[in-house]
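Undergrad: Sequence and predicted structure, then a few things I'm wondering about:
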Amino acid sequence: MAEEGDHITTINTGANGVDTSPQIALISQYVKDLSFENPNAPAVYQWQDQPQIDVQFNIGADKVSDDVVEVALKIEVKAVAPQGTAFAVELLYAALFGMRNVPEDQVQPFMLAEAPRLIFPFARRVLADAIRDGGFPPLLLDPIDFGTLYMQQAEAMQTTAGEPAGHA
């Protein structure tokens, strides 16, 4: 019987003594693919007009093994001026995450919201350096709220899932 002042520590272990608490760890992050195009060099450096910048994001996740997933953040940037394309960059930045004992309903939110949030600052730096190395001012992307984006997409999927597929 525990007496007053005794401290009792509990550890989440299964019947065989194995730790069953959820664990996620960043194993590695890396540039998977990087493409920089400067199709109008050297004339582009004489243009006076500011280009319009279009930025597109895509997030993908693949299971590598039972306990490892790869999360990839694809960022495409295209700068277009009236004279033509100033530059186009595609970056596929990925990370490996070890996941153990994570409840199934938490895996997708982690892979599509939290993991991209963790790797985005590193991808943003690679992108800014590539653009600067191409002879342009570095593009500093604003932080992105991947959690809110995930929630919006999840709500949109639920809304469309309840609608009829078409008219008969």
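TA: Alright, I've got the coordinates.
Undergrad: Tell me where this structure has strands.
TA: For the chain, the strands defined by DSSP state E occupy 23-37, 52-65, 68-81, 84-100.
Undergrad: Let me know how buried the closest residue to residue 53 other than its chain neighbours is, in neighbour terms.
TA: Of all residues not flanking residue 53 in the chain, residue 79 sits nearest, at 5.3 Å (Cβ to Cβ, 6 or more residues apart in numbering). Backbone N, C-alpha and C define where each C-beta goes, glycine included. Residue 79 has 21 neighbours, counted by other Cβ atoms under 10 Å.
Undergrad: who touches residue 79 in this structure?
TA: With contact set as Cβ atoms under 8 Å, 6 or more residues apart in numbering, residue 79 has these partners: 51-54, 85-88, 136.
Undergrad: Quick check: chain neighbours aside, which residue is closest to residue 119?
TA: residue 95 (4.8 Å).
Undergrad: buried residues in stretch 131-139?
TA: Neighbour counts over stretch 131-139 (16 or more other Cβ atoms under 10 Å) mark 131, 134, 136, 139 as buried.
Undergrad: isn't the second one right next to residue 87, touching?
TA: Yes: the pair residue 134 and residue 87 qualifies as a contact (Cβ atoms under 8 Å) at a distance of 5.6 Å.
Undergrad: any idea of the pLDDT on the residue nearest the centre of the chain?
TA: Geometric centre of the chain, nearest residue: residue 116, 2.6 Å, by Cα atoms, centre = their mean. Predicted confidence (pLDDT) for residue 116: 95.
Undergrad: Between strand 52-65 and the worst-scoring helix or strand of the chain on mean pLDDT, find me the angle.
TA: Ranked by mean pLDDT, DSSP states H and E, the weakest helix or strand in the chain is helix 146-161, scoring a mean of 80. Between helix 146-161 and strand 52-65, the angle comes out at 80 degrees (axes from the mean of the first three to the mean of the last three Cα atoms, to 10 degrees).
Undergrad: Cool, thanks, talk later.
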